[in-house]
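Visitor: Provided below are the primary sequence and the corresponding predicted coordinates.
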Amino acid sequence: MKRSLSALDLLAVAGELNAEAAGQAVDKVYGIGDSILLRVGREKRLIVANKNRVSLTTRMPPNASPLPALRARLEGCRLERAEAPFFDRVIELRTECGVLVVELLNPFNAALVEAGKRGEESWEAGGGERRILWLLHGYKSRDRELRLGERYVPPPRSFKDPRFADSFLDAVGEGMGRRLGLSRELEAEVCARADCGDPLEAWRAFRGMAVTAAVGPREPVIHVINGRPVFVSPMPFKTIGGELVRFNSFNEAVDEYFWRLEAEEAARRSAEEARGEASRLMASIEEARRVGDRNLAEAEEARRVGEAIMLNLYGLEELLSEARRLYGEDRDAFPKRAVGLSVGSIRVVGFDAVKKALRLDLDGLEAIIGLNESPGDAANKYFGLAKELRRKAEGAGETIRRLEERLRELQLRAEREESSFKDSVRVVYGKEWFERFKWFVTSGGRGVLAGRNADQNEALVKRYMRNGDLFFHADVPGAAATVLRINGGSPSPVDIMEAAVFAASNSRLWSAGAMAGDVFYVEGGRVGKEAPSGEYVGKGSFMIYGERNWVRGVELSLGVGVRFDGEVARLISAPPSAVARLAHVYAVIRPGSMERGRAAQAVREGLIKMDARARRVVADQLVELIPGPSRVMDVRAGNPIDWAEARAAFQ
């Protein structure tokens, strides 16, 4: 199973980051453990960097917190480009304010270094006297040392650069991958595509894969064997095998592949922490038991001594009287003279000169009585000691009960962490073309699509909307382009209203706190990009030609839920009147005051209470379906149509 991205993968990640995020400003920097998250652009896209990967991600961990030192350096700085400067597991995110160098090596590290001047010699060529401005971890080895404020030294390379044909001349044969810095999987794939006995042919096969990864056309896939993802790559590997699950972008494939790996590692760490604390608690419980048993034994001993004193009051009075007489006669000789004094079964066995106390053998029990102490006072002293020791033993018992309760909680937590991850693992599946958009099927069986962002609005109208389809848009800027697909016949008033509700809800009306708004619709053939002379139509915006049809006072409300098709869990967002036909369980939401992240968590918890299978749903995915601050009205069960019927609405 692949545990981290390879050098080939980083070429693909860099290429896609340049196409999708270059030119956008960093506005937030977060951290969780050794993971770094950069939020960039108006669309608030996240770039994650950790020991496994560097990629775009849609998932913000709930316990991520700001990284003030790095944020102070990068906030407001534009991402210029991403580079994999040499064929190694190192990627550079170049910004106006410095270069974030991420090393997916052992140990994982990241450093922000000075950007350098234009035309300055690169590190790869041996130049680049650039200081470290921020550092995740200080590091020192035989080859280099990384310290804040010092010059950044790139990782040493013990292999030949495979990008050049002459590197293959004396590298082919056994150990080729090690001599060229290729992963085992990449070496096997190169040799499956070419004769590795021919250096030039092997280099051409490698170069073809590298060029495809860097500039395309890519075919991002996850290889799934026995239902478990084992490999992610910018193109299928002949040598890996298994079922291929295809994605629109490599970053999407990487995010889908590694989030489960990272979640599994987090669950395992949490379970191990719980077991470690449980182990320490067990030791504390054993010690508390020993202390309690010892106190009980000593309490019983003290009680018996007290009773023995009470049974021998007169004999003790006589012995103490004689001892005081001897002490008065000669204090220095008293310790020797006292030992052996006896009255009946009571005998002196020792004397503490500091405490002026006799140590007595009292019917086989040891008693300590002061020379000037009365037997009655001595008995009360032992009874009081027995009472105090019993109180301590009871306290130890209460401590044990409290520790055992905490131990049970930790053991349950460890089991819950492991089982909850297993329950929450989603099956990776090949998505239909329409699932990249927001979508639903109306009560009348017609498909509706809505863009998630300006790029999707553009693609939806240009590539997927047909002349006979209906285009819906809320009467405000910043709304999703919404398309009701017409596959024959006329849409019913219910179809029109449900499409209008979807368009209004996926607009800025929701974030503004509006409860209702107006929506217009026109035929697809009357939507275009041609603006009047002197005007400009931006990305995601369109010109409407001719008269518009209106739906006034559309109520903003959505059903957000999940449907289960075998082992596959699909998230659903639809008007409340349509969602029950699509989801097994769903929550009805309306504009409110609960921010999107908290609302998503509340929806998830409600779905899980209704159906335990909803553990497969990640709150960060639900966030994408919640248009803005919300309130959760209630959670309901649905009766969804067959997936084949839903899919047919988009054919």
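Guide: Nice, thanks for sending it over.
Visitor: wait, residue 390 sits on residue 299?
Guide: Yes: with contact defined as Cβ atoms under 8 Å, residue 390 reaches residue 299; the gap is 4.6 Å. Glycine gets a C-beta too; all of them are placed from N, C-alpha and C.
Visitor: sec struct for residue 359, please.
Guide: At residue 359 the chain is in strand, as set by DSSP: H, G, I helix; E, B strand; the rest coil.
Visitor: now do the same for the residue nearest to it when sequence neighbours are not counted: its pLDDT.
Guide: Sequence neighbours aside, residue 350 is the residue nearest to residue 359 in space, at 3.8 Å (criterion: Cβ to Cβ, 6 or more residues apart in numbering). Confidence at residue 350, expressed as pLDDT, is 95.
Visitor: and for residue 350, the neighbour number?
Guide: Neighbourhood size, residue 350 [other Cβ atoms under 10 Å]: 14.
Visitor: so who does it touch?
Guide: Contact analysis of residue 350 by Cβ atoms under 8 Å, 6 or more residues apart in numbering lists 339, 358-359.
Visitor: would you format the residues you listed as CSV with distance to residue 544 included?
Guide: Output for those, formatted as CSV (distance: Cβ to Cβ, whole Å):
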residue, distance to residue 544
339, 115
358, 110
359, 107
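Visitor: show the buried residues in the residues you listed.
Guide: residue 358 (16 or more other Cβ atoms under 10 Å).
Visitor: list just the nearest of the contacts of residue 350 to residue 611.
Guide: Ranked by distance to residue 611 (Cβ to Cβ), the contacts of residue 350 are led by residue 359 at 74.3 Å.
Visitor: I figured the closest one hits residue 349, correct?
Guide: Yes: contact criterion Cβ under 8 Å: residue 359 and residue 349 qualify, at 5.4 Å.
Visitor: anything in contact with each of those two?
Guide: residue 366.
Visitor: and the pLDDT for residue 427?
Guide: Value listed for residue 427 in the pLDDT field: 51.
Visitor: now swap in the one 10 residues further on and tell me
Guide: pLDDT, the model's per-residue confidence, is 94 for residue 437.
Visitor: going along the chain, name the strands of the stretch 551-651 of the chain.
Guide: 558-565, 568-574, 585-594, 630-637 (DSSP state E, counting those that start in this stretch).
Visitor: would you mark the buried spots in stretch 566-577?
Guide: Applying 16+ other Cβ under 10 Å to stretch 566-577 flags 569-576 as buried.
Visitor: over to stretch 380-396?
Guide: Result for stretch 380-396 [16+ other Cβ under 10 Å]: buried residues 381-383, 385-386, 389-390, 392-393, 396.
Visitor: shaky segments in the stretch 351-500 of the chain?
Guide: Judged by pLDDT under 70, the stretch 351-500 of the chain has its weakly predicted residues at 414-430.
Visitor: kindly report the same for the stretch 501-650 of the chain.
Guide: In the stretch 501-650 of the chain (pLDDT under 70), the answer is 531-540.
Visitor: could you dump the buried residues of stretch 380-396 to a markdown table with secondary structure and distance to residue 148?
Guide: Below are these laid out as a markdown table (DSSP: H, G, I helix; E, B strand; the rest coil; distance: Cβ to Cβ, whole Å):
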| residue | secondary structure | distance to residue 148 |
| --- | --- | --- |
| 381 | helix | 65 |
| 382 | helix | 66 |
| 383 | helix | 67 |
| 385 | helix | 61 |
| 386 | helix | 63 |
| 389 | helix | 58 |
| 390 | helix | 60 |
| 392 | helix | 53 |
| 393 | helix | 56 |
| 396 | helix | 50 |
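Visitor: the nearest residue to residue 14 once chain neighbours are set aside: neighbour count?
Guide: Distances taken as Cβ to Cβ, 6+ apart put residue 82 closest to residue 14, at 4.0 Å, once the chain neighbours are dropped. Neighbour count for residue 82, taken as other Cβ under 10 Å: 24.
Visitor: how about residue 81?
Guide: 14.
Visitor: give the buried residues for stretch 608-623.
Guide: 608, 610-611, 613-623.
Visitor: hang on, residue 336 is in a strand, isn't it?
Guide: No: if the criterion is three-state DSSP, then residue 336 is helix and not within a strand.
Visitor: going forward, the N-terminal residue is numbered 214.
Guide: Happy to do that; since the first residue is 214 now, the last one works out to residue 549.
Visitor: quick one: it and residue 561, what's the gap?
Guide: Separation of residue 549 from residue 561 (Cβ to Cβ, to the nearest Å) stands at 11 Å.
Visitor: more crowded one of the two?
Guide: The neighbour count for residue 549 versus residue 561, taken as other Cβ under 10 Å, is higher for residue 561 (21 against 10).
Visitor: hmm, that one is touching residue 548, no?
Guide: No: shown here, residue 561 and residue 548 do not form a contact pair, counting by Cβ under 8 Å, at 10.0 Å.
Visitor: what mean pLDDT does the host helix or strand of residue 527 have?
Guide: Under the criterion of DSSP states H and E, residue 527 resides in helix 526-542. Mean pLDDT, computed over helix 526-542, is 94.
Visitor: pull out the buried residues from that helix.
Guide: For helix 526-542, the neighbour count (16+ other Cβ under 10 Å) marks 528-529, 532-533, 536, 540 as buried.
Visitor: from the residues you listed, which is closest to residue 422?
Guide: Distances from residue 422 to those, taken by Cβ to Cβ, are shortest for residue 529, at 98.9 Å.
Visitor: spit out the contact partners of the closest one.
Guide: The contact partners of residue 529, taken as Cβ under 8 Å, 6+ apart, are 522, 556, 559, 582, 588, 591.
Visitor: let's verify residue 493: helix, strand, or coil?
Guide: Classification of residue 493 using three-state DSSP returns helix.
Visitor: give me the pLDDT for it.
Guide: For residue 493, the predicted pLDDT is 86.
Visitor: can you give me the strands in the stretch 514-663 of the chain?
Guide: 555-556, 559-565, 570-575, 578-583, 651-654, 660-663.
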